[in-house]
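**Student:** give me coordinates for this.
(one chain, ligands or ions: 2)
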Amino acid sequence: MYKVLVMDGISDMGIQLLYDAPDVEVEKKNGLTEDELVAIIPQYDALLVRSATKVTDRIMGAGDKLKVVGRAGVGVDNIDLEAATKRGIVVINAPDGNTIATCELTFAMMMSVARMIPQAYKKTVGGEWDRKTFVGVELRNKVLGVLGMGRIGSEVARRAKAFGMTVLGYDPFLTEERAEKLGVKLGTVNEICAQADFITVHTPLTSETRHMISRPQFELMKKGARIINCARGGIIDEMALVEAIDTGIVAGAAFDVFEQEPPTADHPFLNNPRIIVTPHLGASTVEAQENVAIDVSEEVLHILRDEPFKNAVNMPPVPANVLNKIQPYFGLGVKLGEFLGQTVEGAISEITVSFSGDLIDTDTSPLTRHIVKGVLSHQLEGVNIVNAMHLAKTRGVNIVVQTSAASQTFTNLITLTLKTKSGQRTAAGTLLAGYGERIVQIDQFPVDFAPAGHLLLISHNDKPGIIGKVGTLLGSNDVNIATMQVGRKTFGGSAIMVLTTDKETPKDVIKQLEQLPELIAVAELTL
Ligand SMILES: NC(=O)C1=CN([C@@H]2O[C@H](COP(=O)(O)OP(=O)(O)OC[C@H]3O[C@@H](n4cnc5c(N)ncnc54)[C@H](O)[C@@H]3O)[C@@H](O)[C@H]2O)C=CC1
Ligand SMILES: O=C(O)C(=O)COP(=O)(O)O
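**Tutor:** Ligands and ions are numbered 1, 2, ... in the order given. Below is the predicted model of the structure:
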């Protein structure tokens, strides 16, 4: 039974999938301190959060069983990604579910700041009928600057066109073509600051975007500019904004997010009549909360059940067309890695993976992760596809990936070579239509067996009677042979024997096998 801890008031409707899962037990908690989380996290396999819970290195370090941290939302700045990656914890988010909610809040904020609705409301309910103070501005014919043209920024730009606004956009990944499609003119941050009547930011908070709008940008702005931040506190320099309001450059600002959340009671935004604020409500709609919770629950279930999942924040994304092509090879990749990893002794200095046949024209890096995971899993605990490459790198293992011309014999072939101090070993595997995963080469010997169950890998000299001796010895020790494969290059030369047995061969039987004069080496492998 997997235990999932759900924090931060994630939508119950959205996580119904988890409640319904027969192999999952859900617990909901709120407002735990780091210490409290550290104390209880060892029981859980998955942790689900919104932005309130800071998922620190300490918490993940204590999460002995923790496989996945799910963020029911976009921003993962509250999760220590590096700490997760080094521990092999998958971090997933739900990037699409709250786009519209946040875009619509941005518009609500833009209109509120243009017409001073919150200020007018406050006076009116206070008994004052003040129609003079609240003369606003229209959006029509104004210039809107959008910094960050991703999901939310693009939706904001679309809607702004309907309001008759001219939209200027900045995003390092925005092509001229896409900008044209959206009806957006491209500009630099400074150009946009100089021309816009309204500026809204929709980037993540990174070292590049921190204080992207600060004193120098405010100095460029038109008198009367209005600023909106429904993305992340810190993208706009809060103190510089207050100054720009005091000096009359900025006429008004609307902030949903703060550099520190919640802000302290003496935060200068909280009693400034030109600044309106909300408590990080961008994603807070019934629809968005349901969407993000559904998305994250689906992915969490996949990860817990070891099923393929779409996207992880701490792993490069895999496009659907690539995934469709290489996913069938994941199992083979892991098995091949596990198989060969068990045949070598001592530290591995190099892992070489060579793809041929159907696998040459596609991005095979996700498959390489599976192979490396398989190789390392015999030597290291807790290795998975998230941390496999990281663990290999930190242990100084060189990973070489090659493609070779189409295989003559097989439609697809993965060849794996492991280098250690004492030499190198190679194995190749293929996915054979109708037969599934097969290992078809060990070192220089052709073989053909399914990489599963208990295996005995025997190197020997090709002499008459050797197969009988091995069979008799195993049989007399009650080890039943399920399949047997013998590979040799030349008559009477060195050869290899791969046996699958119905149960693990006891250590003392391996010792007896090793004493047969024709045998060079015996290895017991379990896959
Ligand atoms: N207030 C709230 O409750 C919510 C806030 N957000 C925040 O809104 C922001 C945007 O979210 P999405 O549009 O979903 O993300 P997204 O990833 O689709 O878009 C972000 C865009 O910012 C761009 N970008 C990155 N660095 C940049 C730079 N230096 N200058 C200009 N552009 C840059 C990226 O290229 C990308 O296109 C995120 O910070 C997210 O956490 C999202 C949902 C709710
Ligand atoms: O998705 C995001 O990035 C958000 O900021 C939403 O945060 P929340 O889930 O409402 O705490």
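**Student:** give me the phi and psi for whatever residue of the stretch 351-500 of the chain ends up closest to ligand 1.
**Tutor:** Taking CB to the nearest ligand atom, ligand 1 has its nearest neighbour within the stretch 351-500 of the chain at V386, 20.6 Å off. Quick note: C-beta positions are derived from backbone N, CA and C, even for glycine. Torsion angles at V386 (phi, psi; degrees, to the nearest 10) stand at phi -80, psi -40.
**Student:** and stretch 332-351, what's buried?
**Tutor:** 332-344, 348, 351 (16 or more other CB atoms under 10 Å).
**Student:** return only those of the residues you listed found close to ligand 2.
**Tutor:** Among those, proximity to ligand 2 is found for none (CB under 6 Å from any ligand atom).
**Student:** from the residues you listed, which is closest to V91?
**Tutor:** V334 (21.6 Å; CB to CB).
**Student:** so that closest one sits right up against R369, yeah?
**Tutor:** No: using CB atoms under 8 Å, V334 is not in contact with R369; the gap is 9.7 Å.
**Student:** okay, and which of the buried residues of stretch 332-351 map to strands?
**Tutor:** Under the assignment DSSP state E, the buried residues of stretch 332-351 contribute 348, 351 to strands.
**Student:** out of the buried residues of stretch 332-351, which sit inside helices?
**Tutor:** Using DSSP state H, the members of the buried residues of stretch 332-351 that fall in helices are 332-343.
**Student:** so which of those comes closest to ligand 1?
**Tutor:** G333 (30.2 Å).
**Student:** the closest one contacts S365, doesn't it?
**Tutor:** No: with contact defined as CB under 8 Å, G333 does not reach S365; the gap is 11.5 Å.
**Student:** show me what contacts the residue of the stretch 151-300 of the chain at minimum distance from ligand 2?
**Tutor:** Across the stretch 151-300 of the chain, no residue is closer to ligand 2 than A283, which sits at 3.7 Å (CB to the nearest ligand atom). By CB atoms under 8 Å, 6 or more residues apart in numbering, the residues touching A283 are 50, 73-74, 97-98, 101-102, 289, 292.
**Student:** name the nearest of those relative to G150.
**Tutor:** For the contacts of A283, the nearest to G150 is V74 (9.1 Å; CB to CB).
**Student:** does that closest one belong to a helix, a strand or coil?
**Tutor:** For V74, the assignment made with DSSP: H, G, I helix; E, B strand; the rest coil gives coil.
**Student:** and for it, the neighbour number?
**Tutor:** Using other CB atoms under 10 Å, V74 has 25 neighbouring residues.
**Student:** pLDDT score assigned to the closest residue to it other than its chain neighbours?
**Tutor:** Computed as CB to CB, 6 or more residues apart in numbering, the closest residue to V74 that is not its neighbour in sequence is P95, at 5.2 Å. Note on P95: pLDDT of 89.
**Student:** isn't P95 up against R151?
**Tutor:** Yes: with contact defined as CB under 8 Å, P95 reaches R151; the gap is 6.8 Å.
**Student:** what is in contact with those two at once?
**Tutor:** With CB under 8 Å, 6+ apart as the test, P95 and R151 both reach V74.
**Student:** V440 in helix, strand or coil?
**Tutor:** Under three-state DSSP, V440 comes out as strand.
**Student:** in the chain, which residue sits closest to ligand 2?
**Tutor:** Counting by CB to the nearest ligand atom, the chain gets nearest ligand 2 through G73, at 2.6 Å.
**Student:** give me the number of residues near that residue?
**Tutor:** By other CB under 10 Å, 26 other residues sit near G73.
**Student:** for it, give me its contacts.
**Tutor:** Contacts of G73 (CB under 8 Å, 6+ apart): 50-51, 93-94, 97-98, 283, 292.
**Student:** which parts of the lowest-mean-pLDDT helix or strand in the chain are buried?
**Tutor:** In the chain, the helix or strand scored least confidently by mean pLDDT, DSSP states H and E is helix 388-394, which has a mean of 85. Within helix 388-394, the residues that count as buried by 16+ other CB under 10 Å are 388-392.
**Student:** need the residues you listed in a markdown table with distance to ligand 1, can you?
**Tutor:** As requested, the buried residues of helix 388-394 are exported to a markdown table (distance: CB to the nearest ligand atom, whole Å):
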| residue | distance to ligand 1 |
| --- | --- |
| A388 | 26 |
| M389 | 24 |
| H390 | 23 |
| L391 | 28 |
| A392 | 29 |
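**Student:** out of those, who's nearest L455?
**Tutor:** Nearest to L455 among the buried residues of helix 388-394, with distances taken as CB to CB, is A388, at 22.6 Å.
**Student:** which residues does that closest one contact?
**Tutor:** So A388 contacts 369-370, 372-373, 376 (CB under 8 Å, 6+ apart).
**Student:** tell me which of those fall in strands.
**Tutor:** Per DSSP E, those never map to strands.
**Student:** just the ones in helices from the residues you listed, please.
**Tutor:** Short answer: the contacts of A388 in helices (DSSP H) are 369-370, 372-373, 376.
**Student:** just the buried residues out of the residues you listed, in ChimeraX syntax.
**Tutor:** Per 16+ other CB under 10 Å, the buried members of these correspond to this ChimeraX selection:
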select :369,370,372,373,376
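**Student:** neighbours around the residue in the stretch 101-250 of the chain positioned nearest to ligand 1, how many?
**Tutor:** At 1.8 Å from ligand 1, G150 is the closest residue in the stretch 101-250 of the chain, using CB to the nearest ligand atom. Around G150 there are 17 other residues, counting by other CB under 10 Å.
**Student:** I'd say it and G169 touch.
**Tutor:** No: G150 is beyond contact range of G169, at 10.7 Å (criterion: CB under 8 Å).
**Student:** just for the stretch 351-500 of the chain, where's the confidence low?
**Tutor:** 381, 406-407 (pLDDT under 70).
**Student:** which stretches of it form strands?
**Tutor:** 398-403, 412-420, 423-432, 436-442, 445-449, 454-461, 481-488, 494-501 (DSSP state E, counting those that start in this stretch).
**Student:** just the ones of the contacts of G73 in strands?
**Tutor:** Short answer: the contacts of G73 in strands (DSSP E) are N93.
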